[in-house]
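S.K.: pasting the structure only:
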Ligand SMILES: Cc1cn([C@H]2C[C@H](O)[C@@H](COP(=O)(O)OP(=O)(O)O[C@H]3O[C@@H](C)C(=O)[C@@H](O)[C@H]3O)O2)c(=O)[nH]c1=O
């Protein structure tokens, strides 16, 4: 698990064992995860989305506590995965970390509670699966417009983004901040500290 420039976000690169049948890899490893993050992965929901090229999902985040941490990988095709630090008071507030996830490197991204997440499908079809620490709670999920220039994301040219009506109508980061909807860095740290001190695992 390698840090990717935003506290609470990591990239995991698996070792892929190839042979004449195909390949094998461990796309999640508890020991490495726990050593990096400081607590074990809680998984209360496993999601799968299939996206056509250009589909741009996100940027989504959930109220903290409990938020929704996610462990994401792309099983078929490729996506540009984006983590956005939308936690007020964070030293890297407004920073984005962009990583390609695909069916070649089979990398995975983990984002802790309170971070914003989105991705763009680069291939004709992109199959993304992710483990989520909390069940879907639509009333507690919010969005920031993924094309907001304040996020500083350089989306690839030549791909026409396809957004859901909800995401297309999402406010800018500044608007979400003014509405008081952003999680605070202090609340996120406090919640993660609680997870680290929980010994019931
Ligand atoms: C996210 C989610 C959606 N749904 C339903 C609601 C809706 O009818 C349909 C599609 O929902 P959405 O448009 O919100 O799906 P999508 O835009 O793919 O939302 C996802 O985006 C990425 C970037 C994330 O990080 C995820 O956590 C999630 O927010 O699926 C569930 O039943 N459970 C879920 O957990």
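M.R.: Cool, the structure landed. Just so you know, these numbers come straight off a predicted model, no measurement behind them. Numbering: from 1, shown residues only.

S.K.: Return the residues in contact with the closest residue to residue 140 other than its chain neighbours.
M.R.: Nearest residue to residue 140, sequence neighbours excluded (C-beta to C-beta, 6 or more residues apart in numbering): residue 63, at 4.4 Å. In short, each C-beta sits where N, CA and C put it, glycine included. For residue 63, the contact set (C-beta atoms under 8 Å, 6 or more residues apart in numbering) comprises 140, 142, 183.

S.K.: Excluding residues flanking it in the chain, which one is nearest the second one?
M.R.: On the basis of C-beta to C-beta, 6+ apart, the spatially nearest residue to residue 142 that is not a chain neighbour turns out to be residue 181, at 5.2 Å.

S.K.: Now narrow the contacts of residue 63 to whatever sits close to the ligand.
M.R.: Contacts with the ligand are made by none of the contacts of residue 63, judged by C-beta under 6 Å from any ligand atom.

S.K.: And those residues, which of them are buried?
M.R.: 142, 183 (16 or more other C-beta atoms under 10 Å).

S.K.: want to throw the contacts of residue 63 into a markdown table with secondary structure and pLDDT?
M.R.: Listed next are the contacts of residue 63 as a markdown table, based on DSSP: H, G, I helix; E, B strand; the rest coil; pLDDT from 0 to 100:
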| residue | secondary structure | pLDDT |
| --- | --- | --- |
| 140 | helix | 97 |
| 142 | strand | 98 |
| 183 | coil | 98 |
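
S.K.: Going by distance to residue 37, which of the contacts of residue 63 wins?
M.R.: Proximity of these to residue 37, judged by C-beta to C-beta, is greatest for residue 183, which lies at 17.6 Å.

S.K.: can you list the weak-confidence ranges in this structure?
M.R.: 199-201 (pLDDT under 70).
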